[in-house]
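Q: Attaching a predicted model along with its sequence, questions to come.
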Amino acid sequence: MARKSWHLSRRTFLMGTGVSLGLPWLECMATTQAQSGDGRPARFCAMYFGFGVSLPDKDHEHAAWRWFPKGEGKSFEFGESLKPLENHRHDLTVLGGLSHPQGRTMGGHDTGDTFLTAARMDSRSLANTVSIDQVIADEWQGQTRFQSLVMSTDGGVGEPTRSSTLSYDRHGLPVPAQNQPRRIFERLFGAGDAELHAEQRRLLSSASMLDLVLDGANSLKRKLGAQDQVKLDEYLQSVRVTEKRVANAQKWLEVPRVELSDEERKSLNIDTDDQAPFAYIGTMYDLIYLAFRTDSTRVATYQITNMADGSSRAMKFPQLTGFTENLHKLAHNWNKPNGAEELGRWDKLMANQLATFLGKLASAEASHGSLLDETIVLYGSSNSHTHENRNYPLIVAGGKRLGLTHGQFLQFEETVPMSNLFATTLDCLGTQRDSFADSTGDLSELRG
């Protein structure tokens, strides 16, 4: 068949795509503050762990290790699993009964991908949707040096249904997670003159390449059929997003990064790795804390463990800390003799890490109280216990200055989707959205 003069080779088109997708990770910047609807500064972070928690029956011999508290409302009592959070009980709420309706029929290992999106992914469609953190980040675009901080133990994006990131952009595409503490630290705080000049050169080159892509695409569009024009428009939209990020990034090149105190630098173990699980997890939490304290970003996600069996670095975490089984087997054994206590002890170690993080946020002064008061923290899993995609174990902490009321255990009917929590979060953070995914309202119980 004769080749049309306007036909593009696959190599040519992929080169164009490479220009837009192969750029350095650049985040939006400006000088104003992300605020709630009444002008109070606001931040959001979400932490996820896979495979669920210890949930023995209430009359089980190991019932003390049941993750959900005893009692309801403000008179609840933490079990052994969440005991480390006792000092923060008035700054947090434990939520039971919530889940994503679309995820209830998904595979037991598949729902980590949709923890922050509420989408459905199955063998017929592996497409995801935007995650709540990226909705917030897009709305606050340009207000901090980095639009969001995306981290995980495994890094990258993983694969569909075994994702190694919690964050998905407006097109449902995974946002690559960072997993090396030193590299994250250097990105946040380590830019010297040499790195600054290199970044300037990259930005100038990126801007020129984007101009060429857009000029060529505009002339090409007139020669395409209707279906190809739609595809090209989708592509150009992602190019324009990148173009905007490049333009905003240039504004921050001359703005010095915030200096950390000597004490903060010495206390941060940026050379730790996944061979020392709790030093590693603690350092990742510290990086979120420092990013928030220095106002480098106001949105962060951290996938502590994912649902991948065998290939995940986090699978060996329990064994590296003295347990006999890896995380997957430990979670599977929750209903076997002594299994509830074993998994409960792991849950307790995880809760201790969260308690330390909340303590640092609570002790840091902010413009209207503590940093914790101005930050909404979400912690949880998309399994109640292994392979059960219902009754997610969830904790929401902080955000008192943003309208949240705490010191309670709230148990919801299964008819209430987890997206109602996201709708409430978006409202408290002062965004322009009053709904999210399949939300049917908000959680008024969280607002007193």
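A: Nice, thanks for sending it over.

Q: Strands along the chain, start to end?
A: Secondary structure of the chain, counting by DSSP state E: strands at 43-48, 92-96, 149-152, 158-159, 162-163, 299-303, 365-366, 369-370, 375-380, 394-398, 408-411.

Q: Out of the ones you listed, which is closest to Ser131?
A: strand 299-303 (7.6 Å; C-beta to C-beta). For the C-beta atoms, the positions are set from N, CA and C on the backbone; glycine is no exception.

Q: now that closest one, how far from the chain's geometric center?
A: 3 Å (C-alpha atoms, centre = their mean, to the nearest Å).

Q: how about the helices of the protein, start to end?
A: 10-21, 132-139, 181-189, 193-221, 226-251, 262-267, 277-293, 317-320, 327-332, 339-363, 419-428 (DSSP state H).

Q: Any chance of a markdown table for the strands of the chain, columns mean neighbour count?
A: Listed next are the strands of the chain as a markdown table, based on neighbours: other C-beta atoms under 10 Å:
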| stretch | mean neighbour count |
| --- | --- |
| strand 43-48 | 26 |
| strand 92-96 | 23 |
| strand 149-152 | 28 |
| strand 158-159 | 18 |
| strand 162-163 | 23 |
| strand 299-303 | 28 |
| strand 365-366 | 14 |
| strand 369-370 | 16 |
| strand 375-380 | 24 |
| strand 394-398 | 23 |
| strand 408-411 | 20 |
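
Q: Point out where the stretch 301-448 of the chain drops to low pLDDT.
A: Along the stretch 301-448 of the chain, the model assigns pLDDT under 70 to no residue.

Q: picking up where we left off before, which stretch among the strands of the chain comes nearest Thr425?
A: Going by C-beta to C-beta, the one of the strands of the chain nearest Thr425 is strand 375-380, 5.7 Å.

Q: for the residue positioned nearest the centre of the chain, what are its contacts?
A: Computing the C-alpha centroid of the chain and ranking residues by C-alpha atoms, centre = their mean puts Thr301 first, at 2.4 Å. Thr301 sits next to 45-48, 116, 131, 133, 148-151, 165-167, 177 when contact means C-beta atoms under 8 Å, 6 or more residues apart in numbering.

Q: leaving aside the residues next to it on the chain, what's closest to it?
A: Leu166 (4.3 Å; C-beta to C-beta, 6 or more residues apart in numbering).

Q: got the phi/psi numbers for the one you found?
A: phi -90, psi -10 (degrees, to the nearest 10).

Q: Next up, the contacts around it.
A: 46, 48, 112, 115-116, 131, 133, 150, 152, 177, 301-303.

Q: Please report how far it lies from Ser75.
A: Separation of Leu166 from Ser75 (C-beta to C-beta, to the nearest Å): 33 Å.

Q: what's the answer for Thr129, then?
A: Distance of Thr129 to Ser75, computed by C-beta to C-beta: 38 Å.

Q: One more: Arg89?
A: According to C-beta to C-beta, Arg89 and Ser75 sit 11 Å apart.

Q: How far off centre is stretch 76-92?
A: Relative to the centre of its chain, stretch 76-92 is centred 23 Å away, using C-alpha atoms, centre = their mean.

Q: now do the same end-to-end measure for it.
A: 12 Å (C-alpha to C-alpha, to the nearest Å).

Q: Now do it, average pLDDT.
A: Mean pLDDT, computed over stretch 76-92, is 98.

Q: Only the buried residues of it, if you could.
A: Phe76, Phe78, Gly79, Glu80, Ser81, Leu82, Pro84, Leu85, His88, Arg89, Asp91, Leu92 (16 or more other C-beta atoms under 10 Å).

Q: State the pair within those residues that is farthest apart.
A: Among the buried residues of stretch 76-92, Glu80 and Asp91 lie farthest apart (C-beta to C-beta), at 20.3 Å.

Q: Out of the contacts of Thr301, which is nearest to Arg401?
A: Cys45 (15.6 Å).

Q: Dig out what that closest one forms beta bridges with.
A: Ala300, Val377 (DSSP bridges).

Q: hmm, back to that, between the contacts of Leu166, which is nearest Arg293?
A: Distances from Arg293 to these, taken by C-beta to C-beta, are shortest for Tyr302, at 16.0 Å.

Q: right, and that closest one touches Met284 too?
A: Yes. Applying C-beta atoms under 8 Å as the test, Tyr302 and Met284 come out as touching, 5.6 Å apart.

Q: shared neighbours, the two?
A: By C-beta under 8 Å, 6+ apart, the residues touching both Tyr302 and Met284 are Met151.

Q: Test my guess that Lys83 contacts Leu349.
A: No. Applying C-beta under 8 Å, one finds Lys83 not in contact with Leu349, separated by 11.2 Å.

Q: mean pLDDT lowest for which of the helices of the chain?
A: The bottom spot among these, by mean pLDDT, belongs to helix 10-21, with a mean of 36.

Q: Can you give the distance of stretch 172-189 from its chain's centre?
A: Counting by C-alpha atoms, centre = their mean, stretch 172-189 comes out at 12 Å from the chain centroid.

Q: same check, this time on stretch 386-394
A: That offset, for stretch 386-394, works out to 18 Å (C-alpha atoms, centre = their mean).

Q: what's in contact with that stretch?
A: 51-53, 67-68, 94-100, 103-109, 111, 328, 331-332, 334, 378-384, 414, 418, 421.

Q: So among those, which ones count as buried?
A: 51-53, 67-68, 94-100, 103, 106, 109, 111, 328, 331-332, 334, 378-384, 418, 421.

Q: Spatially, which residue comes closest to Gly380, not counting chain neighbours?
A: Per C-beta to C-beta, 6+ apart, closest to Gly380 is Leu394, 3.8 Å.

Q: Quick check: the gap between the one you found and Glu414.
A: Distance from Leu394 to Glu414, by C-beta to C-beta: 14 Å.

Q: again, but for Leu402
A: For Leu402 relative to Glu414 (C-beta to C-beta), the value is 27 Å.

Q: what's near enough to touch Ala64?
A: Contacts of Ala64 (C-beta under 8 Å, 6+ apart): Gly79, Glu80, Gly344.

Q: give me that answer again for 10 Å
A: Pro56, Lys70, Gly79, Glu80, Ser81, Lys83, Ala340, Glu341, Gly344 (C-beta atoms under 10 Å, 6 or more residues apart in numbering).

Q: what would those look like in a markdown table with distance to Asp295?
A: Putting the contacts of Ala64 into a markdown table (distance: C-beta to C-beta, whole Å) gives the following:
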| residue | distance to Asp295 |
| --- | --- |
| Pro56 | 43 |
| Lys70 | 39 |
| Gly79 | 37 |
| Glu80 | 37 |
| Ser81 | 34 |
| Lys83 | 33 |
| Ala340 | 43 |
| Glu341 | 42 |
| Gly344 | 38 |
